[in-house]
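Asks: Here's my sequence, what's the structure:
(2 chains, ligands or ions: 2)
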Amino acid sequence: MAKDYALFLGCIAPNRYPGCESAGISCSKKVGINLHPLKGASCCPAPGAFGSIDLNVFMAMAARNIVLAEKMGMDIALECNGCYKSIWEVNHKLKHNDDLRDAVNEVLKTVKDPSDPSGKSDMEFKGTIDVWHLIELYYDPKVCGVEKIRDSVTRPLTGTRIGVHYGCHLLKPKKERHFGDTENPMWIEELVAALGAEPVQYRKKMQCCGAGGGVRGYDLVHSLDITNEKMINLHEAKVDAVTEVCPFCQLEFDRGQIEIQEKFGKFWGLPVLHYNELLGLAQGMSPTDLALDLHAVPVDPFLKKIL
Amino acid sequence: MARTKGYPDPKLETKLRDRYLYRTDSNPDFSKKVKDLSRTVSHMCFQCGTCTGSCPSAPRSSYRIRLFMRRNVLGLEEESLTDPDLWLCTTCYSCTDRCPRDIAPTDVIMSMRNFAYQRGIVPVNFLKTVQAIYQSGHGVPNNDVNRAARVRLGLAKDPPTTHSHPEYLPGIRQILDHYKVKAQADKIVAESEKKGA
Ligand code: SF4
Ligand code: SF4
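Replies: Ligands and ions are numbered 1, 2, ... in the order given. This is a model prediction of the structure:
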C-alpha cells in the first residue's frame, strides 16, 4: 500500500538541482511513496549557520517547519542530510526535552498560521509526526525496500562503478541516530547495486565533503582541500561517478570541482549524482528530465556508459 | 605563576616545586555555560586526542579540537572565543562518534560559537545566511536560470515553499526578530563592510 509523506524540500534541491526534486517525487511514486508538498516551508534552517549563532533560533525555525507537517497529519520525508540534521534532530530533541519544547512553543505562540482563516495563532509543536530521509524509506522493507527498487529499474546502470558518499548528518552522531555503524556502512551500496551498478569501496569513504559547519563560506580553500582529498580517493578507486544523498554535498563536489580547478589547478571531471538522479536514470528518465545540464561538471562520460 | 611552598630546605623546595598551571584568565562559569548549552559532559575530557585524530580540519590547519576541549575544562573563555580556528569545524561529528568519554566535542564547538556570536565575534558568511532567510525564507534562494529549468521539468517555477507562499514570511521574521538575530546580523555586517571599505 502506498504511503503518504509531506515533502520537505529545503533550499539547494529546489533552487539549484531541481532534478533532485522532480526525480524524488516521480521515482518514489513508482515504489509506493507519495510525496505531498509542504506549503510555506522555509530553509530547514541551515544547521551550520544557524546552529553556530543561536541554537534556540535554530530550533524554533525548524519547529515551525515541523508544525506545518503536523497540521497536514503526515510524517516528513526529505532528501538532504542538512535538512535531516535540522528537521529530524529538532523533532527528536523537542519530543524528548520538555524544557526545550516549552521554550520553542513560547515563541511559536506568537506566530500566525496564514492557512488558518480565523487568524488565531496556533503553531504549537505537538510532537505528533516522524521525520525520514527518502533514502532510509527506500531501504526500509516496511515502506519500500531494496527489492522494490530493483523491480522499478527499466534501464540498469550495468558496467558503471559508483562510489557512495554517505555524508555526515544522516548517520552521525550515531548515538542519537538509528543507522548503526558509521565507520563503514554498506546499506546505500545495496541500493546502488539494486540499480545494476557496481558500488565501489574507496579510502576514507566516511570523510566529510568539506562544506559543512559554515566552513564553505568561511574559508573556501580549506573546505575545497577536504573535497580534493575525497576526489583523490575516489579517483584512485577508478569510479565513474560519486553518488550522495545530500544536495549540499552535491554542490560541494560538483561546483567545488570547478573551484578546485581555479584555486588548485587540478580538474577531476568526476560526475556527481544524487541517489534520486541515479534512480531516475535507472527508471528510464532522460538527462533532460533530470536537468543534468545544470551540473557544473558534465555528467556525459557517465551517461555514455548507460545510454 | 607557580606558588612557593616555603620549605626551608632549598633542595626540597626545588624538587617538590609547584607544577600546577595557574591562569589568571580562567573563568569557571565559562565551562559551566558551555556544558549547559551543549548538553554534553564536556568536563569529562581526558585529552586522549581521538577527536583531533578523527578531524578532517586538523590535517590542513592549526585547528585542534582537543585544544578547545582543554580550554573548556580550564575555563579559558577569551582564548576560545577569539581564536579564528573556532570556525573551522565542519560539524562532521566524527569526533563525537569516536570520543571514548562519550562527549560530543562538536556540540562544545557549537556552543562556543553561540557565545562568540553573543559578543559580536562571528564571520559574516554566517550572518548573510540569516539575512537571506529573513528576506526570502531560503538560505539559498531561487534564480532565473533555475526557474527556467524547473519549468522545463514540469515543476512550478518557484517551489511550494515560502517562494510561492510569501504569506508565511511574516511568521519567519517574527521568530528571527524575537531572538534579535536579524538586528544583530545587520549591525555586524554593516560594521564589517565599513571596515572593508
Ligand atoms: S576524544 Fe573525547 S576525551 Fe579524547 S580528547 Fe577528544 S574530547 Fe577529550
Ligand atoms: S565535528 Fe568538527 S571538530 Fe569534530 S571531527 Fe568534525 S570537523 Fe573536527
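Asks: What separation do you get for the closest residue to B:Leu21 other than its chain neighbours and B:Ser31?
Replies: Here the nearest residue to B:Leu21 in space, its sequence neighbours aside, is B:Leu74; by C-beta to C-beta, 6 or more residues apart in numbering or on different chains that works out to 7.6 Å. Using the backbone N, CA and C atoms, a C-beta is placed for each residue, glycine as well. When distance is defined by C-beta to C-beta, to the nearest Å, B:Leu74 is 8 Å away from B:Ser31.
Asks: Give me the pLDDT for the residue nearest to B:Leu21.
Replies: B:Leu74 is assigned a predicted lDDT (pLDDT) of 95.
Asks: That one: how many residues sit nearby?
Replies: 18 (other C-beta atoms under 10 Å in any protein chain shown).
Asks: isn't it right next to B:Arg23, touching?
Replies: Yes: shown here, B:Leu74 and B:Arg23 form a contact pair, counting by C-beta atoms under 8 Å, at 6.4 Å.
Asks: which element is the residue positioned nearest the centre of chain B on?
Replies: By C-alpha atoms, centre = their mean, chain B has its centre lying nearest to B:Arg113, at 2.6 Å. Per DSSP states H and E, B:Arg113 falls inside helix B:105-118.
Asks: Show me the contact partners of that helix.
Replies: A:51-55, A:173, B:30, B:33-34, B:37-40, B:42, B:45, B:51, B:65, B:68-69, B:72, B:77, B:80-82, B:86-87, B:89, B:91-93, B:95-96, B:99, B:122, B:126, B:184 (C-beta atoms under 8 Å, 6 or more residues apart in numbering or on different chains).
Asks: tell me the domain boundaries of chain B?
Replies: Domain assignment for chain B by automatic domain parsing gives B:20-118, B:124-196.
Asks: hang on, the earlier thing: so of the contacts of helix B:105-118, which ones are in strands?
Replies: Judged by DSSP state E, strands contain none of the contacts of helix B:105-118.
Asks: near ligand 2, which of the residues you listed show up?
Replies: B:51, B:65, B:89, B:91-93, B:95 (C-beta under 6 Å from any ligand atom).
Asks: got the residues of chain B near ligand 2?
Replies: B:51, B:54-57, B:65, B:89-95, B:105-106, B:109.
Asks: at 8 Å instead, please
Replies: Within reach of ligand 2 by C-beta under 8 Å from any ligand atom, chain B has these residues: B:51-52, B:54-58, B:63, B:65, B:68, B:88-96, B:105-106, B:109.
Asks: ok, and of the residues you listed, which contact ligand 1?
Replies: B:51-52, B:54, B:65, B:95, B:105.
Asks: so where is the chain shaky, pLDDT-wise?
Replies: The chain I'm using is chain A. Applying pLDDT under 70 to chain A flags residues A:121.
Asks: my bad, the chain I had in mind was chain B
Replies: Using pLDDT under 70, the flagged stretches of chain B are B:1, B:197.
Asks: can you pull out the helices in it?
Replies: Under the criterion DSSP state H, chain B contains helices at B:10-15, B:28-38, B:50-54, B:65-74, B:77-82, B:94-98, B:105-118, B:124-136, B:144-152, B:169-178, B:181-196.
Asks: Any part of the fifth one near ligand 1?
Replies: No: using C-beta under 8 Å from any ligand atom, helix B:77-82 stays clear of ligand 1, with a minimum separation of 14.1 Å.
Asks: Tell me the backbone dihedrals of A:Val200, please.
Replies: phi -120, psi 130 (degrees, to the nearest 10).
Asks: wait, it sits on A:Ile162?
Replies: Yes: judged on C-beta under 8 Å, A:Val200 makes contact with A:Ile162 at a distance of 6.3 Å.
Asks: Find the nearest non-adjacent residue to the residue most central in space within chain A, please.
Replies: Centroid-nearest residue in chain A: A:Cys80, 1.9 Å away (criterion: C-alpha atoms, centre = their mean). In space, and not counting its chain neighbours, A:Cys80 is closest to A:Gly10: 4.7 Å by C-beta to C-beta, 6+ apart.
Asks: For the one you found, give me its contacts.
Replies: So A:Gly10 contacts A:43-44, A:78-80, A:82-83, A:247 (C-beta under 8 Å, 6+ apart).
Asks: Out of the helices of chain B, which is closest to A:Cys168?
Replies: helix B:94-98 (7.7 Å; C-beta to C-beta).
Asks: could you pull out the strands for the stretch 151-300 of chain A?
Replies: A:161-165, A:198-200, A:241-244, A:272-274 (DSSP state E, counting those that start in this stretch).
Asks: In JSON lines, list these along with distance to A:Glu183.
Replies: Formatted as JSON lines, the strands of the stretch 151-300 of chain A follow (distance: least, C-beta to C-beta, whole Å):
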{"stretch": "strand A:161-165", "distance to A:Glu183": "14"}
{"stretch": "strand A:198-200", "distance to A:Glu183": "17"}
{"stretch": "strand A:241-244", "distance to A:Glu183": "18"}
{"stretch": "strand A:272-274", "distance to A:Glu183": "24"}
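Asks: Looking at those, which is nearest to chain B?
Replies: strand A:161-165 (12.2 Å; C-beta to the nearest C-beta).
Asks: quick one on the thing from earlier: ok, of the contacts of helix B:105-118, which come out buried?
Replies: A:51-55, A:173, B:30, B:33-34, B:37-38, B:40, B:42, B:45, B:51, B:65, B:68-69, B:72, B:77, B:80-81, B:86-87, B:89, B:91-93, B:95-96, B:99, B:122, B:126, B:184 (16 or more other C-beta atoms under 10 Å in any protein chain shown).
Asks: about what we covered before: do you know how far the residue nearest to A:Cys80 is from B:Arg23?
Replies: Distance from A:Gly10 to B:Arg23, by C-beta to C-beta: 44 Å.
Asks: How many residues are close by the closest residue to A:Leu157 other than its chain neighbours?
Replies: Closest residue to A:Leu157 in three dimensions, ignoring its sequence neighbours and counting by C-beta to C-beta, 6+ apart: A:Ala197, at 4.0 Å. By other C-beta under 10 Å, 27 other residues sit near A:Ala197.
Asks: Provide a list of residues in contact with A:Ala197.
Replies: A:156-158, A:160-162, A:278.
Asks: I'd like to know how far it sits from A:Leu303.
Replies: Counting by C-beta to C-beta, the gap from A:Ala197 to A:Leu303 is 13 Å.
Asks: picking that back up, report the distance from the helix holding B:Arg113 to the chain centre.
Replies: 3 Å (C-alpha atoms, centre = their mean, to the nearest Å).
Asks: and A:Gly19, how many neighbours?
Replies: 28.
Asks: tell me the contacts of it?
Replies: For A:Gly19, counting by C-beta under 8 Å, 6+ apart, the contacting residues are A:274, A:276-277, A:280, A:289-292, A:294, B:153.
Asks: let's see 10 Å
Replies: By C-beta atoms under 10 Å, 6 or more residues apart in numbering or on different chains, the contact list for A:Gly19 reads A:13, A:273-274, A:276-277, A:280, A:285, A:287-295, B:149-150, B:153, B:155.
Asks: what about it, which helix or strand?
Replies: Going by DSSP H and E, A:Gly19 is part of helix A:18-30.
Asks: List of residues touching whatever helix or strand comes next after that helix?
Replies: Under the assignment DSSP H and E, the closest C-terminal helix or strand after helix A:18-30 is strand A:33-37. The contact list for strand A:33-37 (C-beta under 10 Å, 6+ apart) reads A:2-9, A:14, A:21, A:24-29, A:69, A:72, A:74, A:76-79, A:132, A:134, A:137-138, A:143-144, A:148, B:156, B:159-161, B:164-165.
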